[in-house]
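> pasted the sequence and its predicted model underneath.
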Amino acid sequence: MTAEPPPTVVDVLIPVAVDTAYSYRVPKGLALAPGDFVVVPLGTRQTLGVVWEARSAGGDNLKQVVSREDWPPVREPLRRFVDWLAAWTLSPRGMVLRMAVRAPEFAGAEPVRIGLRRAGPPPTRMTPARLRVMTVLDSAEAEAVTSKKALAEAANCSAGVIDGLVDEGTLETVALPPDPLPPPPDPDATAVVLDPAQAEAAAALAARAAERRFTVSLLEGVTGSGKTETYFEAVASALRSGRQTLILLPEIALTAQFLDRFAERFGVRPAEWHSGVSVRRRARAWSGIASGEIKVVAGARSSLFLPFADLGLIVVDEEHEAAYKQDDGVSYHARDMAVMRGRFEEAAVVLASATPSLETRVNAETGRYGHLRLASRYAGRSMPALAAVDMRRDAPPRGRWISPPLAAAIADTVADGKQALLFLNRRGYAPLTLCRSCGHRFTCGQCSAWMVDHRFRGALVCHLCGYMERKPDHCPHCGEVDALVACGPGVERIAEEVATLFPDARRLVLSSDMPGGTERLRQELDGIARGEVDVVVGTQLVAKGHNFPNLTLAAIVDADVGLANGDPRAAERTFQLLQQVTGRAGRGEAPGRALIQTYQPDHPVMRALLTGDVERFYRTEIDARQRAGLPPFGRLAGLIVSATDRHAAETHARALARAAYAATGGDPLARAADAAPSIEVFGPAEAPIAMIRGRYRFRLLVKAPRSADLQGFLRRILAEGPKPTGSLRVAVDVEPQSFL
DNA sequence: CGCTTCAAAGCC
DNA sequence: GCTTTGAAGCGT
């Protein structure tokens, strides 16, 4: 048996928008294997890349690899995942690799932390601030080494005082070793108490997590059934077999509350991975995950690309959440990609939700996924009592939106020292402003949608394209002063109504456009959980996987919003959202109730919510999907055209639609249900335009009965259709479906 | 004829 | 994605 000759040529995938791996010559004395991080020349610059393939032949006229980075290599399952994901989303492999290597790029730059310790006699000139610093240092342990910032904080002085002491020679700086990693989560840290239904599901999941085999399970449990505690037992099982776990959460659900719950069960918090984590901590986490020392990561969708050494379990919490869809750059659905990552890693995947998506339900029903159910609430707690308020009969006074029955319910709740949640999926004060004198409607100059009154900010904002202007005091059309009227409610207006009705109640408005970003939002959510608010008025983000133990009333201000917006998922989304919101009530000791204000109490979505006949709702929706050939039975993809110029985006989208119809032999710009034999294209007329991060997006939906048809078709129109120019970009977003 | 601007074409 | 390149636009 002869030893394998060392590779002389390597194909290196580079994290830029290129699909092919480039070949480089390996310099003598450098041993390279697939997965190794390398620095290679690219054009005039040098860049980081990953060895994708290694060969031992030819390559004389190639450029040479510059060096090898001493980082843990990208393991084969992750490399295959990158390849697969790129093929599935029709994006360049380099762009997918980019998502996996963004963190280690910072790793090399991790700054050394500076600590301080006593080094000499007290300063000649002692001041109160200096004395405080000395006291802090003396009271600390023998090796009193802290960071400068921490020391300054402890001594209640500025960092300048400490610098002064260093100059005097009283203190000296030392390079701190990196903080030792916290101990691994302990599967036996606490005695676990589960009710029989939970215990049964937990045992099944734990068994799968111990199997070292790819499986997918749907954990479907009503709100408050203790899904989290149940899947924690799968985590414990993975820990016992020494394998790692990834818990995927929608970004917003990654709160202190979740981490604390984890810590209660396992003794320590899991490693965190989301946009709010600092570069240094991310670099630390990255290497800990790659080395296998970090056992459990709780992360947002970007954590799908982490370099796990031995991933045994992936939990996707709130699997139905639309937030799992990544829509810029590479478009992917994190839940589905989690399933595929699990497949490549031979890991168990658990999808958890109270209101699973239709495609996951179907996958469970057909036996492709395992199906575990928790039908009732944990610890004998009951589901909230549900009631509809028929707005045709119990109408609120003119210009008000809180009906008398709802107002009474809020009054009872607050009087009882409990919390009430008013849900309305509409940001701002009022969705429409018009002039009482001439009837002029304020519309967006850029995209003709209604301008939404944001009274807190004193502005009119277009929710479609983001255009914003100061709110004028006179009508721009007829010049009349003080004639502008706000029509309809937004959360701000509901909050105003609450203030009028209950002046003494502590109120909080939560909506995604709130200043302060996700960090502030997390704090507010934690604040509500601590009972610092009486009445919360919020948009959909209050629906998301948060536990408010003191909340006993959940009310839907207008349940009909979103039912008639043309989205093929409108009914499913509305049902999921409202079910999640009503499920917020009564999670603690006290029983909860939910009120649904609607003008259509007989609508199937309301019926399902009110009667709790979820099965019938799913049945109806799944049948409708099957008839329409939509996912999970047919395939749907979006061609997303985006540009900084609206006209360019629209024109290009139309041209692409034309190319698509031509390719199907169909009739351009008509809904091609009958014209196209196998591919159906919904043209731009059906596609909403939106502005995200300064770019107009136009979406062209393409429908096909089979995945292969769709992939080939998209490839063809992308190759043969009009080429995007300038700032125009085209991305492909494949809707979730069964792909296993 | 030079200088700026902007989109297109490679990158091994 | 980034860098180079080359053609078009504009002014002297």
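It's in.
> now do the buried residues in stretch A:244-259.
A:244-255, A:257-259 (16 or more other Cβ atoms under 10 Å). Just so you know, the C-beta spots here come from the backbone N, C-alpha and C atoms, and that holds for glycine as well.
> and the two most separated of those?
Within the buried residues of stretch A:244-259, A:Q244 and A:I252 form the most distant pair, 24.1 Å apart (Cβ to Cβ).
> ok, and the closest non-adjacent residue to the residue in the stretch 601-740 of chain A that DNA strand C sits nearest to?
Proximity of the stretch 601-740 of chain A to DNA strand C (Cβ to the nearest atom of the strand) peaks at A:R729, 7.8 Å away. Setting aside the residues directly before and after it, A:R729 is nearest to A:S642 in space (Cβ to Cβ, 6 or more residues apart in numbering), at 5.1 Å.
> and which of the buried residues of stretch A:244-259 is nearest A:W401?
Nearest to A:W401 among those: A:I252, at 25.5 Å, using Cβ to Cβ.
> count the neighbours of A:R400 for me.
Applying other Cβ atoms under 10 Å, we find 16 residues neighbouring A:R400.
> domain-wise, how is chain A divided?
A:9-106, A:113-176, A:196-374, A:385-431+A:488-625, A:634-734 (the TED database).
> switch those over to a markdown table; also include distance to A:P185.
Below are the domains of chain A laid out as a markdown table (distance: least, Cβ to Cβ, whole Å):
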| stretch | distance to A:P185 |
| --- | --- |
| domain A:9-106 | 21 |
| domain A:113-176 | 25 |
| domain A:196-374 | 3 |
| domain A:385-431+A:488-625 | 20 |
| domain A:634-734 | 35 |
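> ok, how many other residues are close to A:A564?
A:A564: 10 surrounding residues under other Cβ under 10 Å.
> quick one: pLDDT of A:D667?
Per-residue confidence (pLDDT) for A:D667: 51.
> again with A:F442
The model's pLDDT for A:F442 equals 89.
> tell me the gap between the helix or strand containing A:L131 and the middle of its chain.
Taking DSSP states H and E as the criterion, A:L131 maps to helix A:128-139. Centroid displacement of helix A:128-139 relative to its chain, using Cα atoms, centre = their mean, to the nearest Å, is 45 Å.
> give me the contacts around it.
A:116-118, A:122-123, A:144, A:151, A:154-157, A:161-162, A:164-165, A:170-171 (Cβ atoms under 8 Å, 6 or more residues apart in numbering).
> derive a ChimeraX selection command for the buried subset of those.
Here is the ChimeraX command that selects the buried residues among these (16+ other Cβ under 10 Å):
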select /A:116,123,144,151,154,155,157,161,162,164,165,170,171
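> among the contacts of helix A:128-139, which ones are in strands?
Members of the contacts of helix A:128-139 lying in strands (criterion: DSSP state E): A:L116, A:R117, A:R118, A:L171.
> just the closest of these to DNA strand C, please.
For the ones in strands among the contacts of helix A:128-139, the nearest to DNA strand C is A:L116 (37.5 Å; Cβ to the nearest atom of the strand).
> isn't that closest one right up against A:T173?
Yes - under the criterion of Cβ atoms under 8 Å, A:L116 makes contact with A:T173 at 5.9 Å.
> what residues do the two have in common as contacts?
A:K148, A:V166.
> would you say A:L701 is within a helix?
No - looking at A:L701 with DSSP: H, G, I helix; E, B strand; the rest coil, it is strand, so not inside a helix.
> burial count for it?
Around A:L701 there are 20 residues (other Cβ under 10 Å).
> so who does the nearest residue to it once chain neighbours are set aside touch?
Leaving out its chain neighbours, the residue that sits closest to A:L701 by Cβ to Cβ, 6+ apart is A:F682, at 4.0 Å. With contact taken as Cβ under 8 Å, 6+ apart, A:F682 is in contact with A:R671, A:L700, A:L701, A:V702, A:K703.
> who wins for neighbours among those?
Among the contacts of A:F682, A:V702 has the most neighbours (other Cβ under 10 Å), with 26 neighbours.
> elements contacting the host helix or strand of A:Y24?
According to DSSP H and E, A:Y24 maps onto strand A:22-25. Secondary-structure packing of strand A:22-25 (3 or more Cβ pairs under 8 Å, 6 or more residues apart in numbering; DSSP states H and E): strand A:9-13, strand A:37-42.
> need those strands in a markdown table (columns: mean pLDDT, mean neighbour count and distance to DNA strand C).
Listed next are those as a markdown table, based on pLDDT from 0 to 100; neighbours: other Cβ atoms under 10 Å; distance: least, Cβ to the nearest atom of the strand, whole Å:
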| stretch | mean pLDDT | mean neighbour count | distance to DNA strand C |
| --- | --- | --- | --- |
| strand A:9-13 | 97 | 23 | 13 |
| strand A:37-42 | 97 | 18 | 6 |
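> of all those, which one is nearest DNA strand B?
If you check each of those against DNA strand B by Cβ to the nearest atom of the strand, strand A:37-42 wins as the nearest, at 5.1 Å.
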